[in-house]
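K.L.:
I need the structure of the sequence given here:
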Amino acid sequence: MIISREALISSIDSLPRYRMSHLCTPLERAENMRTAIQDMTPYFVPPIYIKREDQTGLAFGGNKARHMEFLFGHILKNGYDTVINSNDFHSNQARFIAAACAKTKLKYYTVAEDKIGEPLTGNLLLCKLLGAEIHRSPTDYTDKVISRISNNVKSSGGTPFIVSNDEYADLCGMIGFLEAGVELESQLEPITGRIRMWGLAGRSIAGLQLYAKNRGLNWKSTAVMYSPGDSNNYRRLSVKRSEQVAELLGLNEALFSNDFDVLSGYSGPAYGMATDDVYKVIYLIAKTEGVILDPNYTGKSLSALIGEACSGNLEKYETICFIHSGGLPQVFFYGDEFSKYLIDRN
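P.N.:
Numbers count the residues shown, from 1 in each chain. The predicted structure follows:
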């Protein structure tokens, strides 16, 4: 049974929320980039649009701004005064939580895992500017550091919320992108034929496909793995979370594992490590569309899109909607790699 947009919006509006994003984000046609890709391949390249989730505001913007609205509604409703988080030192999420804590006047501790000797730059620098207390830790010690911080907060009379321990935090991204689906359905209305959502393997792309399934839309989704790993595990997690979101919001349908495609092979050797192809496509979209991607996330997603286009694996009668999920601060962390790539080109 198809749910109406009004009913879906009403269900979302029933959840605790703290509004802090610039919505609705623009949808732009990337014809210059499509033409450049077409020059690279004998296969037909379908129309490409970019959903500008990098324009959500909140400390350089990105898809997680939508997540934070629901997460912080939950945090504030339940009376927490301190947020504790752990992530890789590259983390966009850490930056967004820092910005949201600044907006809501909550204390924030972030445990930055791995590469503890790296300089304070990119997302980590922004966390510091936004008032976060940063703890650098080897990955194996993260849980101990979080436990120590939490105990110190409690002994001082505080009420800590540990992001990694809360199941609702894993649902907020999917909920936020159900609402993004409402925007996209309206924005894409003039386009006939199938729409292919293209983005990173995460809650956002799964949320869009969950929206399409409950609205009966002719959308498909491709989720690009940005680090080596088990794509089947991503499928399992997405299905499980969609079931929880469907129950929470009264949706008629949850996702099945075959409702979306998962694309491996474009992640590079490790999380946080980009291939030359990634720098190539970042340069391509920058010089054709004036849009900046990052090497860790969105650059890999576009590299996969162009790789599949050049291999003839895109459907002729589809329209591609590329989800630009942000990540811009990490561009500056990779300054040496960008400089080397540009010098080599000249």
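
K.L.:
how does the chain divide into domains?
P.N.:
The record's domain parsing of the chain by automatic domain parsing lists 5-62+170-345, 81-158.

K.L.:
Output these as a markdown table; include the columns distance to His74, mean pLDDT and mean neighbour count.
P.N.:
To be clear about C-beta, it is placed using only N, CA and C from the backbone, and glycine gets the same treatment. Output for the domains of the chain, formatted as a markdown table (distance: least, Cβ to Cβ, whole Å; pLDDT from 0 to 100; neighbours: other Cβ atoms under 10 Å):
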| stretch | distance to His74 | mean pLDDT | mean neighbour count |
| --- | --- | --- | --- |
| domain 5-62+170-345 | 5 | 95 | 19 |
| domain 81-158 | 11 | 94 | 19 |
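
K.L.:
Including distance to Leu71, could these go into CSV?
P.N.:
Shown next, in CSV, are the domains of the chain (distance: least, Cβ to Cβ, whole Å):
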stretch, distance to Leu71
domain 5-62+170-345, 4
domain 81-158, 8
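
K.L.:
Let me know which of those domains is the nearest to Met68.
P.N.:
Within the domains of the chain, the stretch nearest Met68 is domain 81-158; the backing value is 4.4 Å (Cβ to Cβ).

K.L.:
Can you give the distance from the closest one to the centre of its chain?
P.N.:
19 Å (Cα atoms, centre = their mean, to the nearest Å).

K.L.:
Any idea how far apart the tips of it sit?
P.N.:
End-to-end span of domain 81-158 (Cα to Cα, to the nearest Å): 6 Å.

K.L.:
For the biggest helix by length in the chain, enumerate the helices and strands it packs against.
P.N.:
Longest helix in the chain, counting residues (DSSP state H): helix 231-249. Secondary-structure packing of helix 231-249 (3 or more Cβ pairs under 8 Å, 6 or more residues apart in numbering; DSSP states H and E): helix 5-13, helix 172-187, helix 203-215, strand 261-263.

K.L.:
Which strands or helices does the longest one pack on?
P.N.:
Contact partners of helix 172-187 among helices and strands, from 3+ Cβ pairs under 8 Å, 6+ apart: helix 5-13, helix 64-77, helix 203-215, helix 231-249.

K.L.:
Since that was my last question, I'll sign off now.
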